[in-house]
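> sequence first, then the predicted structure, then my questions.
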Amino acid sequence: MQTSNKLINFSHIYIYFLAFTSGFSIMCIELLAGRILAPFFGSSVHIWGSIITVFMLSLSFGYLLGGKFSIHSASLTRYGLIFIVAGVTLLPIVTSSTWLMEGIFLAIEDSRYGSLLASTALFFIPTVILGMLSPYSVRLLVKNSNESGQVAGKLYFVSTLGSAIGTIITSFYLVMWFDINTIVVSVSLVLSILGIVTIVLSKANTSFYKAKAQRDISHV
Amino acid sequence: MYNSIVKFSLSIFFLLGVFITNDILAEVIHSERSLYRNILVEDKGDLRCLKFNVKSNKTRQSCFLKSQPQQLVFNYTKQLLTALLVNPEPKRILIIGLGGGTMSNTLHQLLPDSYIDNVEIDQSVINVARQYFGFLENDKIKTYSQDGRVFVKRAVLKKQAYDWIILDAFNGDYIPEHLMTTEFLEEIKSLLSAQGILTANTFSSSKLYGYESATYKAVFGDFYQVSNPDSSNRIILARNNGLVENLNEAQSTVKHSENITKLAAELLTIGVDVKKLYQNMKSTANHQNWSDDSPVLTDQFAPANLLNIDTD
């Protein structure tokens, strides 16, 4: 019994850590978005208007979708899968942003709507996926309704703290040390690797429990 | 009793008067918070200055003398005119970063037949220039409230060309990052006419100096630097088709051209000494004062303003 308790705590800490990483990634990408759009749409105040609008909108859809996705057979494996998808959907920012923004720049004269469309095309999908992680984390962590508020509070704390740290580290240091593409690819890799690790851990965990359960049964 | 009250109030008035006159020495006649910055217009006797953000001398952006609006107050604006020694008759001029519009006014006065396009991101700055700095607009002088990078990209698409492009855009700290990258300078280069020249007002220090210089050199090859011993300003003067190899020879041919003699006389009336300009002009072909291995700034790697505060 004691071992299983310890295991559960450990997996909780791991989930909080993952929520921290998703918060970090969201703001790291949002901050870079300003830099990515600037060559085509400038640095007028409406550029940040476009970026923040798209990020808030996609996060809101992500929360809704993540909550819905967590209703049926929620598992660490599926949770890890969301991470992998998030990592993969970030890659078009590196591979296709130039021609995409070029096309939008040519098609739309007004840089307000141009930047709005460009940030939608580049950031909407990955941010929706990253947004799904928050409600899904709550689902995995809450064991009874009494503690649900506290769990949600802790989760907001950890993921928003991750966002704050992601913002400051990216803007103060990462842009000084690395290319924008290098940073985006790294975030994508970190998310994908964490996703894979999560799936592996969850498989190992279930087989461990299976083995343990069988052992218990045979001992009885 | 009554008398002493009068005396007392008189002395208070006197004291107040001292404070007020002190204040008049540098009087803020307009201040507003625009979308991008705080804008202050300050009068100090005959001198009127446009300042951004704080009330200190370091942040003066644009000044002129109310009694002699044509006189150029700042050394850097005089240095910018060095471009005219290289290309005396620019027909189409683009100024990115308006300030008080004094550069545009001066150029219109010197070159009344030239077309001048001003680009300024902040509409409030344009309004202030019009209202307080006598910024002149007519069918030859146009103003666009737009980000400089976006304007340049669109102008390239429309296959426009300028004979002289002046980069003078600054935000709170320095030149905005996206206006200092190789990609941006390539766009500028393709917007220049065959004989076109670029002048950029810079005053970077620390690490950024090398990065900035290397970026310009990567796009334009060698360029002239016009520096002023009294200030940290450096004007970068680059030509679309590269520098002439022998600066002295070029200078002497230019010196003897009729246009330049006329120009020199005109410049003298607005406080610009052409001889001095020549003296401060150096080619990076033989005076390169940054290390060869300085990295260039790109859209991907543009920590420009962070480099400027980093002092190692």
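Looks like it came in fine.
> number of nearby residues for residue 123?
Just going to use chain A. 28 (other CB atoms under 10 Å in any protein chain shown). The C-beta positions use only the backbone N, C-alpha and C, and glycine is treated the same way.
> please go with chain B instead
14.
> state the distance from it to B:Ile39.
In this view, B:Gln123 and B:Ile39 are 11 Å apart by CB to CB, to the nearest Å.
> then B:Ile175?
For B:Ile175, the distance to B:Ile39 - CB to CB - is 19 Å.
> for B:Tyr162, same thing?
For B:Tyr162, the distance to B:Ile39 - CB to CB - is 28 Å.
> who has more neighbours out of the two?
Taking other CB under 10 Å, B:Tyr162 and B:Ile39 do not tie; B:Tyr162 has more neighbours (25 against 21).
> how long is stretch B:75-95 end to end?
End-to-end span of stretch B:75-95 (CA to CA, to the nearest Å): 17 Å.
> and that stretch, how far from the chain's centre?
In terms of CA atoms, centre = their mean, to the nearest Å, the centre of stretch B:75-95 is set 11 Å apart from its chain centre.
> tell me the contacts of the closest residue to chain B within chain A?
Taking CB to the nearest CB, chain B has its nearest neighbour within chain A at A:Gly42, 2.6 Å off. Contacts here follow CB atoms under 8 Å, 6 or more residues apart in numbering or on different chains; on that basis A:Gly42 touches A:111, B:121, B:146-150, B:178.
> among the residues you listed, which ones are buried?
A:111, B:121, B:146-150, B:178 (16 or more other CB atoms under 10 Å in any protein chain shown).
> returning to that earlier point: now, which of the contacts of A:Gly42 lie within helices?
A:111, B:148-150 (DSSP state H).
> wait, which of the residues you listed is closest to B:Glu183?
Taking CB to CB as the measure, B:Arg149 is the one of the ones in helices among the contacts of A:Gly42 closest to B:Glu183, at 9.2 Å.
> now stretch A:149-166: average pLDDT?
Mean pLDDT, taken over the full extent of stretch A:149-166, equals 96.
> quick revisit: now, which of the contacts of A:Gly42 sits nearest A:Thr120?
Closest to A:Thr120, out of all of the contacts of A:Gly42 and judged by CB to CB, is A:Ser111, at 14.5 Å.
> that closest one is in contact with A:Pro39, isn't it?
No: contact criterion CB atoms under 8 Å: A:Ser111 and A:Pro39 do not qualify, at 11.7 Å.
> A:Asp179 and B:His178, how far apart?
The value you get for A:Asp179 to B:His178, if CB to CB is used, is 15 Å.
> can you confirm A:Lys68 is in a strand?
No: using DSSP: H, G, I helix; E, B strand; the rest coil, the assignment for A:Lys68 is helix, not a strand.
> how about the helices of chain A, start to end?
A:2-41, A:45-69, A:76-95, A:97-107, A:111-141, A:148-169, A:175-177, A:180-219.
> swap in the stretch 1-150 of chain B?
Using DSSP state H, counting those that start in this stretch, the helices found in the stretch 1-150 of chain B span residues B:2-25, B:75-80, B:83-86, B:102-110, B:123-132, B:148-157.
> show me what contacts the most centrally placed residue in chain A?
Centroid-nearest residue in chain A: A:Leu130, 3.0 Å away (criterion: CA atoms, centre = their mean). By CB under 8 Å, 6+ apart, A:Leu130 lies in contact with A:22, A:25-26, A:59, A:62, A:86.
> hmm, which of those are the buried ones?
By 16+ other CB under 10 Å, those give A:22, A:25-26, A:59, A:62, A:86 as buried.
> thinking again about what came up before, quick one, which of the helices of chain A is packed in tightest?
The highest average neighbour count among those, using mean count of other CB atoms under 10 Å in any protein chain shown, belongs to helix A:111-141 at a mean of 23.
> what angle sits between it and helix A:180-219?
20 degrees (axes from the mean of the first three to the mean of the last three CA atoms, to 10 degrees).
> quick check: angle from helix A:111-141 to helix A:148-169?
140 degrees.
> of the buried ones among the contacts of A:Gly42, which is the nearest to A:Leu189?
Here the nearest of these to A:Leu189, counting by CB to CB, is B:His178; it sits at 26.7 Å.
> show the contacting residues for the spatially closest residue to the closest one that is not a sequence neighbour.
For B:His178, ignoring the flanking residues on the chain, the nearest one in space by CB to CB, 6 or more residues apart in numbering or on different chains is A:Ala38 at 4.0 Å. Neighbour list for A:Ala38: A:47, B:149, B:177-178, B:299 [criterion: CB under 8 Å, 6+ apart].
> part of a strand, is B:Asn201?
Yes: counting by three-state DSSP, B:Asn201 is located in a strand.
> from chain A, how far out is the nearest residue to it once chain neighbours are set aside?
Nearest residue to B:Asn201 in three dimensions, chain neighbours excluded: B:Asp168, at 4.8 Å (CB to CB, 6+ apart). Noted for B:Asp168: a distance of 16 Å to chain A, by CB to the nearest CB, to the nearest Å.
> residues contacting B:Asp168?
Here B:Asp168 is in contact with B:80, B:95-97, B:99, B:103, B:200-201 (criterion: CB under 8 Å, 6+ apart).
> could you dump these to a markdown table with neighbour count?
As requested, the contacts of B:Asp168 are exported to a markdown table (neighbours: other CB atoms under 10 Å in any protein chain shown):
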| residue | neighbour count |
| --- | --- |
| B:Leu80 | 28 |
| B:Ile95 | 27 |
| B:Ile96 | 25 |
| B:Gly97 | 24 |
| B:Gly99 | 26 |
| B:Met103 | 25 |
| B:Ala200 | 24 |
| B:Asn201 | 22 |
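> from these, pick the one nearest chain A.
B:Ile96 (11.5 Å).
> settle this for me: the closest one is touching B:Asp147, isn't it.
No: the pair B:Ile96 / B:Asp147 is not scored as a contact, 9.4 Å apart, by CB under 8 Å.
> many thanks, have a good one.
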